[in-house]
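Colleague: Sequence and computational prediction follow.
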Amino acid sequence: MILYSFMKKIFTLLFAALALCANTWADNIGEWTSNQCNVTLSDAGVLTISRHISQGQMANYTAANPAPWYNVRASITSAVIESGVSQIGARVFLDCENMTSVTIAGSVTSIGNAAFRGCTGLSSITIPESVTTIGEAALYGCSGLTTLEIPANVANIGKGAFSYCEGLTSIICHVVTPVVLPSEEVFHNVSKSIPLYVPFESLDAYIAAAQWGEFNVMPDPNQCHTYGYCGAEGDGKNIMWTFDCDAKMLVISGTGNMKSYQAGTAPWYLHRTNIQTVVIEEGVKTIGGYAFYNCKNITSLTLPNSLLSIGNNAFNVCIGLTELIIPSAVATIGQFAFSSCNKVATIRILGRPTIENGVFKDCSALTSILCASEIPPVCHANAFMNLTDETLGTIALSVPGTAIDDYESNAVWTKFNIQASAQKTVRFVDENGTVLKTQVLAVGAWPNADDLTPTKEADDDYVYTFAGWLPTIVQVEHECNYVTHFVRTPKKFFNVGIGGANCALNVTNKVPEGTYLEVTVAPEDCYQFTQWSDGDNNNPRIIQVTEDTNISADCTKIIYTIEGQAQGSGAVTIAPKQ
């Protein structure tokens, strides 16, 4: 009976253990340890890798020593590499043909040799920014991949890493400096006609780089804000360009001269269809040749007052422009600079540039030109090439009234419909609206207020310095009021203390800086002023307050001499008063 009871307990425990195992195997197909990681394969086909100890490095496997889950690889449909794992070992997912997706945590820094080799069912993989090394044949034969994205921090790529990824239709590489690839082909049997998208500033480097340059290298379409340098001085960094694709704006900034290009080689050329606004900031002196060639969608162009020259073909075929304003400092407009700008209707030439051959060739929409200079600009005979004399005669040319005869006697300008520029009234006023000066000027002339020296009286707390006019003075286009602009500076205040032993103390607080102050010391009874502590012996005296100041005075007791003389018998006694 005792034996029966004991055996019954044994069988009960055995059945319980079997039941527990059955439940466990119902949830997981297998559990393993891979170096410093735990690996679990669920019955849903998810292979999960998590850190077990230390750095979370997986083991590297070989053909002779495959991963322990290799024999059940057909059951793996997806993989999750959890945070804490730092290294995906070699051949970890070798020939997992049914695996369609993998999630890699941001803690992973390297992908081992042949880690995903032969994963033909893998349709996408996101390599995290943390990865710096992609091993040999890491994604070899992943023919289901259509897009490959290489993060910015990758510094090493092994041979054959992406070979036989035959389904790829595009590659995006965020690495700024092209990774030097091994001599054995990394992209063997991958179509070289597909686009390779790279950082915009790295286009030339990738085009010139071995293996990378075999692809159709293009700027990253998702890189909205791009920039670079386009200067002609030293290392070229004197001028910078910035393109904002949201605003569709190209800004050129810096100081000095801009580089010249050949047709279609400006660094922003590949963005040309998206450029609608061009702003060239103050400080830029020249616009390079072909700089904005064929940028057909530019509708707004701002040129700086610092500009001295515009290069050959600089805006050739910019057919979106409707108006041109040439700043007064421009001395030269190069050949064909605005050729084929066939929507430009008005041109304002605010200075006296030399206009070279073909500058306004085929500008067939022109209706008016304003020349502000009283001396006609030097204009090449073919500056308006392909516009007939009859067409030129319909274009209004507005010039200063005093210069009409000079323009009419010029071989080129006489072909236009010359007329006196309209005149506009310009006023200079103070903050109260009081008119300080009035000028009536032709359109394009410069207002002048050099003879005015506006002032504003200081108040209790501030002093005021004239800083110019608002708005900034520009050449006349319409009637305008310019208002005085003052910069206010808080006054500095100091404390002045005056006194001394046997002298009445007088403290004056909050004396404005620079104030001339009369100071006086009043000695006490029986005392007299001798001198100030700085040696001055004037009382009262004048001091200028430039800092907190304490001046003491020396006051000494007045001493009198009394002489007495007795007459007759007796004595004279003199004693101090008690």
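Modeller: Okay, I see it. Numbers count the residues shown, from 1 in each chain.
Colleague: Thought Val39 was touching Asn28, still the case?
Modeller: No. Using CB atoms under 8 Å, Asn28 is not in contact with Val39, being 10.4 Å away. From N, CA and C alone the C-beta is placed, and that goes for glycine too.
Colleague: The two: which is more packed in?
Modeller: Val39 (21 against 14; other CB atoms under 10 Å).
Colleague: What is the neighbour count of the closest residue to Ala210 other than its chain neighbours?
Modeller: Spatial nearest neighbour of Ala210, excluding adjacent residues (CB to CB, 6 or more residues apart in numbering): Leu181 at 6.3 Å. When counting by other CB under 10 Å, one arrives at 18 neighbours for Leu181.
Colleague: Name the SS class of Leu181, please.
Modeller: coil (DSSP: H, G, I helix; E, B strand; the rest coil).
Colleague: what about it, distance to Tyr206?
Modeller: According to CB to CB, to the nearest Å, Leu181 stands 12 Å off from Tyr206.
Colleague: Could you tell me which residues touch both of these two?
Modeller: Residues touching both Leu181 and Tyr206 (CB atoms under 8 Å, 6 or more residues apart in numbering) are Trp212.
Colleague: Can you give me the distance of the residue nearest to Ala210 to Ile150?
Modeller: 12 Å.
Colleague: where do the contact lists of these two overlap?
Modeller: Ile157.
Colleague: Just say helix, strand or coil for Gly499.
Modeller: From three-state DSSP, the assignment for Gly499 is strand.
Colleague: okay but it is in contact with Thr549, surely?
Modeller: No. At 12.0 Å, Gly499 does not count as touching Thr549 under the criterion of CB under 8 Å.
Colleague: got a list of contacts for stretch 258-268?
Modeller: Taking CB under 8 Å, 6+ apart as the rule, stretch 258-268 contacts 200-201, 203, 226, 228, 230-232, 236, 239, 241, 243, 250, 252, 275, 284-294, 311-313.
Colleague: 7 Å instead, please
Modeller: By CB atoms under 7 Å, 6 or more residues apart in numbering, the surrounding residues in contact with stretch 258-268 are 228, 230-232, 236, 239, 241, 243, 250, 252, 275, 284, 286-291, 293-294, 311.
Colleague: Now the buried members of the residues you listed.
Modeller: Burial by neighbour count, 16 or more other CB atoms under 10 Å: within the contacts of stretch 258-268 this picks out 228, 230-231, 239, 241, 243, 250, 252, 275, 284, 286-291, 293-294, 311.
Colleague: who's in contact with stretch 200-208?
Modeller: For stretch 200-208, contacts defined as CB under 7 Å, 6+ apart pick out 176-178, 196, 198, 212-213, 217, 219-220, 223, 226-228.
Colleague: Most neighbours among those residues, which one?
Modeller: Val198 (27 neighbours).
Colleague: Could you chop the protein up by domain?
Modeller: Split into domains by automatic domain parsing, the chain comes to 25-219, 225-420, 423-490, 498-557.
Colleague: what sits against the closest residue to Trp469 other than its chain neighbours?
Modeller: Closest residue to Trp469 apart from its sequence neighbours, by CB to CB, 6+ apart: Tyr482 at 4.0 Å. By CB under 7 Å, 6+ apart, the residues touching Tyr482 are 428, 469-470, 473.
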